[in-house]
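**Q** Just need the structure, nothing else, for what follows:
(chains A and B)
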Amino acid sequence: MRYLSLTDADRHAMLAAIGVPAVEDLYRGVPPSALLTQPVDLPLGMGELEVERALGKLAAQNVAAGSVPSFLGCGAYRHHVPAAVDYLVQRGEFLTSYTPYQPEIAQGTLQALFEYQTQVALITGMDVANASLYDGATATAEAVMMANRLTHRKKAVLAGNLHPHYAETVATYARFNGFALATRPLDPTGNDDPASLIDAETSCVVAQNPGFFGHLRDLAPLAAACRKAGALLVAVVTEPVSLGIVRPPGEMGADIVAGEGQSLGNALNFGGPYLGLFATRDKYVRQAPGRLAGQTHDAEGRRGFVLTLSAREQHIRREKATSNICTNSGLCALAFAIHMALLGEDGFRRLAELNHQSARALAKRLAAVPGVKILTDSFFNEFTLRLPRPAAPIVEALAARKILGGVPVSRFAKEHENLLIVAATETNTADDMEAFAGALAGALR
Amino acid sequence: MSTVRYTKDHEWVRVEGDEAVIGITDYAQTQLGDIVYVELPEVGKRVEQGKEAAVVESVKAASEVYAPVSGEVTGANAALNDDPAKVNSDPMGAGWFFKMKLKDAKELDALMDETAYQKLVEGLG
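**A** I've put the predicted structure just below:
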């Protein structure tokens, strides 16, 4: 295929072939009022140096999380990603074959996906994980639809600790796939019990741990309540690093785990591309969405990898497929797998401990700021503050001082305007925390 | 006395009184190859003639199995969950899919008998 733009001769040949004198004649059916009479007002071309200068100026207006003390979380976390991850991900052998169009000849890619799946299954405490979905929110929506298929029911209960963006995404799928939702209001206490909304029509309950406001909770009682009613428990994890020390959802009785994998191997990336984690029990695997890499042996007994259970996928079953997912976040999954492999089991636990220590130190420091109350009684690396005044202007004031001081809950729910969600990871130093606490005290004065 | 009838989609139905047993034909299992999974309808489900009632998945493809007649599902062959290969080894016997209570015996008239079905299969080469 040529990628050259059309020449005048090409245009003339095409117009002659369809018997139209000029390009303008193709638009004769468009009302004059809707036609542009002037060219679109865009600047003319620039030289490379000028482009660099113009874009550099634009970029300088950002306050990037990597360049200032950042305490942002809420589903997107800044972690240290070892340089080896980027180097390996960008090797041509991985990068150019990032998605296995002809799976059996992409053995390296399939092996990497298989190892990724193994890691996800291990850290979530589940039997099987797929080769990834697009992000945590769509993975959650897919989990709900899978629960609908398994239970032959059409109503999902969303807990008050579910990230509002995830709830909105599920609501979009519900609207166009015809299932019902019962949604608990956002609950900053962490004690919301969605079990009361379970009825005979409920396919699943979706609950997050750590919750949107940072709380850690035991999901086992909720899992038991679901089981009793014939519903499934979908556990959502937006911060997978927590799984290094927090009891995995699989051990608490979750039937499906949906989550965001960005924290491992992947940068904040302005919100995407991200990585949808998806894991479930063996007995449900045929209803799981997306691709699955499997390990097998070839005719000569050598270890090999395949895409397995493909018959339920869209390229074979068309509109009757288990989901409309035909691909996966291959490169992001690879980055996750490499980061996890570099960490190892001990390193993963140690990373989680560092995050928790960091968050505890931050909580201690912020609790000493006059007027600030910490709402989260049990947390991993993220918690919620109640300020004496609306949080959004305070966050603006902190940003003006080059500190990204958390996410005001008013962005999601106006009624919680005094609440501020802050996260601390291994990237935050004691100096960062001191600067944050000092600036917060100043802004509140 | 039982009556066996066939559909153009290669399902068979064996009727005794108002009970019908449904499966796929030997031709169907040969075409599909090794069967790896069968998704059966739930007992109590109402199915309509010609509408999807089950799914059969082989190493090559996943296909819908259509109800040859209308009625209510009264039983499903749970043995296929553990050993779907029974569909290959004994499609008209141990490889049956589900049983149902027949709603209207007249629907059978639209189906083929053994001779007509064999002719259809031969025509497919």
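**Q** Torsion angles phi and psi at the nearest residue to A:T202 once chain neighbours are set aside?
**A** Excluding its sequence neighbours, the residue lying closest to A:T202 (C-beta to C-beta, 6 or more residues apart in numbering or on different chains) is A:A231, at 4.5 Å. Using the backbone N, CA and C atoms, a C-beta is placed for each residue, glycine as well. As for A:A231, its main-chain torsions (degrees, to the nearest 10) stand at phi -110, psi 170.
**Q** thought A:A231 was touching A:E201?
**A** No. Using C-beta atoms under 8 Å, A:A231 is not in contact with A:E201, being 9.2 Å away.
**Q** Neighbour count for those two, which is higher?
**A** Between A:A231 and A:E201, counting by other C-beta atoms under 10 Å in any protein chain shown, A:A231 is the more crowded of the two (27 against 15).
**Q** contacting residues around that one?
**A** For A:A231, the contact set (C-beta atoms under 8 Å, 6 or more residues apart in numbering or on different chains) comprises A:A147, A:T151, A:R153, A:V157, A:I198, A:T202, A:S203, A:C204, A:V205.
**Q** how about 6 Å then?
**A** When contacts are counted by C-beta atoms under 6 Å, 6 or more residues apart in numbering or on different chains, A:A231 touches A:I198, A:T202, A:C204.
**Q** Now chain B against chain A: closest residue?
**A** Nearest residue of chain B to chain A: B:A62, at 4.0 Å (C-beta to the nearest C-beta).
**Q** phi, psi of that residue?
**A** phi -120, psi 130.
**Q** I'd like to know how many residues surround it.
**A** 22.
**Q** That one against A:R317, yeah?
**A** Yes. Shown here, B:A62 and A:R317 form a contact pair, counting by C-beta atoms under 6 Å, at 5.3 Å.
**Q** What are the boundaries of the helices in chain B?
**A** Along chain B, the segments classed as helices by DSSP state H run B:26-32, B:79-82, B:86-89, B:114-123.
**Q** the helices in chain A, which residues?
**A** For chain A, the helices defined by DSSP H cover A:8-18, A:48-60, A:83-89, A:92-95, A:107-124, A:136-151, A:164-177, A:220-228, A:314-317, A:330-367, A:391-400, A:430-444.
**Q** CA atoms only: put the second one into CSV for me.
**A** Going back to what we said before, that points to helix A:48-60. Extracted in CSV, the C-alpha atoms of helix A:48-60 (Å, rounded to 0.1, in the frame of the first residue of the first chain):
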residue,chain,number,x,y,z
GLU,A,48,10.6,21.7,13.5
LEU,A,49,12.3,24.2,15.8
GLU,A,50,9.2,26.4,15.9
VAL,A,51,6.9,23.4,16.6
GLU,A,52,9.2,22.3,19.5
ARG,A,53,9.1,25.8,20.9
ALA,A,54,5.3,26.2,20.6
LEU,A,55,4.6,22.7,22.1
GLY,A,56,7.2,23.2,24.8
LYS,A,57,5.4,26.4,25.9
LEU,A,58,2.1,24.5,26.0
ALA,A,59,3.6,21.6,27.9
ALA,A,60,5.1,24.0,30.5
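**Q** Report the mean confidence score over that helix.
**A** On average, the pLDDT along helix A:48-60 is 95.
**Q** quick revisit: between the helices of chain B, which gets nearest to A:A399?
**A** Closest approach to A:A399 among the helices of chain B (C-beta to C-beta): helix B:79-82, 58.1 Å.
**Q** For that closest one, give me every contacting residue.
**A** Residues outside helix B:79-82 that contact it (C-beta under 6 Å, 6+ apart) are B:V38.
**Q** circling back to that earlier point, would TSV of the helices of chain B with mean pLDDT and distance to A:H215 be doable?
**A** Compiled in TSV, the helices of chain B are given as follows (pLDDT from 0 to 100; distance: least, C-beta to C-beta, whole Å):
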stretch	mean pLDDT	distance to A:H215
helix B:26-32	95	51
helix B:79-82	92	40
helix B:86-89	97	50
helix B:114-123	94	64
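**Q** how near is the residue nearest to A:T202 to A:H416?
**A** A:A231 sits 29 Å away from A:H416 when distances are taken as C-beta to C-beta, to the nearest Å.
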